[in-house]
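Asks: sequence below, structure please.
(one chain, ligands or ions: 1)
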Amino acid sequence: MSVHKEVKKITTNTLQKMKAAGEKISMITAYDFSFAKIFDAAGIEIILVGDSASNVMAGHETTLPITLDQMIYHAQSVVRGIERCLVVVDMPFGTYQGNSKEALNSAIRIMKETGGHSVKLEGGVEVIESVKRIVSTGVPVMGHLGLTPQSIYKFGTYTVRAKEEEEAVKLKSDALALQEAGCFAIVLEKIPAVLAKEVSESLSIPTIGIGAGGNCDGQVLIMHDMLGINTEFKPRFLRQYLNMAEQITGAVQRYIKDVKSSDFPSDKEQY
Ligand code: KIV
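Replies: Next comes the predicted model:
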């Protein structure tokens, strides 16, 4: 039997075993109780309470404005919906970059107040002291390299990262440093597939790719993109599994029509 089917609850240990067995890891974002419940029951291994909530839930242009309190609210809702998967909670911009004490305090708030199982933060050597300090308290940390959306104003664009040798070399040493510091997995976002393959093969911890090709140990997509709720975002790496915006529009239009024509509620739909 496959590793992920054997266990009652997915842990960082399960993910490690999955990598060793060559079993791919599935991860999706969620921000609320109802979707988390559906994704968990569907068999997903990891739910990421992403700071992409800033975009898809709050309508901001970037992930920068979301606060720790808001992330905690989303994570609490997600945790109430799940039974089996591992919940990773993004540490929002400005809650871990200052110093490792601040990072630890933010991680502790997330763990204590949400019931989530781990945290994720963006960056390499710049955040290594924070990673070490959080890990030393027993909190699992997921890293995030490549296109790190909290640095969008430094990058200036959401295009593919680490195409040039210098950035690729830094990414490889950052990945090793994060592994050394105790990260249990690393997200690789929007980097060339060959680079992601090299990094994935060089690490003993799993890599989770988004726009990083098929040789990562797992994949992650933002739920609003893969379910077709957000239809304006169509990057090459995205596979859209549903067109929820179209389906919901049709359903709401039928409801409006039924209300206007007094077809709803019928005799059977009243007391
Ligand atoms: O915030 C998020 O949803 C993420 C994914 C893009 C990996 O970090």
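Asks: so what secondary structure elements neighbour the helix or strand of the chain with the lowest mean pLDDT?
Replies: Taking mean pLDDT, DSSP states H and E as the measure, helix 3-6 is the helix or strand of the chain with the lowest mean score, a mean of 80. Where contact means 3 or more Cβ pairs under 8 Å, 6 or more residues apart in numbering; DSSP states H and E, helix 3-6 is packed against helix 12-21. C-beta here means a position set from N, CA and C on the backbone, and glycine is covered the same way.
Asks: sorry, back to before: can I get the least confident helix or strand of the chain in PDB, CA atoms only?
Replies: The C-alpha trace of helix 3-6 is given here as PDB (Å, rounded to 0.1, in the frame of the first residue of the first chain):
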ATOM      1  CA  VAL A   3       2.700   5.500   2.200                       C
ATOM      2  CA  HIS A   4       0.000   8.200   2.300                       C
ATOM      3  CA  LYS A   5      -2.900   5.700   2.500                       C
ATOM      4  CA  GLU A   6      -1.400   3.800   5.400                       C
END
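Asks: and that helix, what's buried?
Replies: Using 16 or more other Cβ atoms under 10 Å as the test for burial, helix 3-6 gives V3, H4.
Asks: chain center to that helix, what's the gap?
Replies: Relative to the centre of its chain, helix 3-6 is centred 21 Å away, using Cα atoms, centre = their mean, to the nearest Å.
Asks: again with stretch 250-270
Replies: Here the centre of stretch 250-270 is set off from its chain's centre by 38 Å, with Cα atoms, centre = their mean.
Asks: ranges for the strands of the stretch 51-200 of the chain?
Replies: 86-90, 118-120, 141-146, 185-189 (DSSP state E, counting those that start in this stretch).
Asks: the first one and the ligand, are they touching?
Replies: This means strand 86-90. Yes. With Cβ under 6 Å from any ligand atom as the criterion, the ligand is reached by strand 86-90 at D90.
Asks: show the average pLDDT along that strand.
Replies: Averaged across strand 86-90, the pLDDT comes to 98.
Asks: okay, stretch 102-114 in PDB with CA atoms only?
Replies: Output of stretch 102-114 as PDB, limited to C-alpha atoms (Å, rounded to 0.1, in the frame of the first residue of the first chain):
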ATOM      1  CA  GLU A 102      10.000  38.300  16.400                       C
ATOM      2  CA  ALA A 103       9.700  35.300  14.000                       C
ATOM      3  CA  LEU A 104       9.500  32.900  16.900                       C
ATOM      4  CA  ASN A 105       6.800  35.000  18.600                       C
ATOM      5  CA  SER A 106       4.700  35.000  15.400                       C
ATOM      6  CA  ALA A 107       5.100  31.300  14.900                       C
ATOM      7  CA  ILE A 108       4.100  30.600  18.400                       C
ATOM      8  CA  ARG A 109       1.000  32.700  18.000                       C
ATOM      9  CA  ILE A 110       0.100  30.800  14.900                       C
ATOM     10  CA  MET A 111       0.600  27.400  16.500                       C
ATOM     11  CA  LYS A 112      -1.200  28.300  19.800                       C
ATOM     12  CA  GLU A 113      -4.100  30.100  18.300                       C
ATOM     13  CA  THR A 114      -4.900  28.100  15.200                       C
END
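Asks: how close does A193 get to Q240?
Replies: According to Cβ to Cβ, to the nearest Å, A193 and Q240 sit 20 Å apart.
Asks: ignore the last one, S200
Replies: Separation of S200 from Q240 (Cβ to Cβ): 25 Å.
Asks: phi first, then psi, for the residue in the chain that the ligand sits nearest to.
Replies: Nearest residue of the chain to the ligand, counting by Cβ to the nearest ligand atom: G50, 2.4 Å away. With angles defined as degrees, to the nearest 10, G50 sits at phi -80, psi 150.
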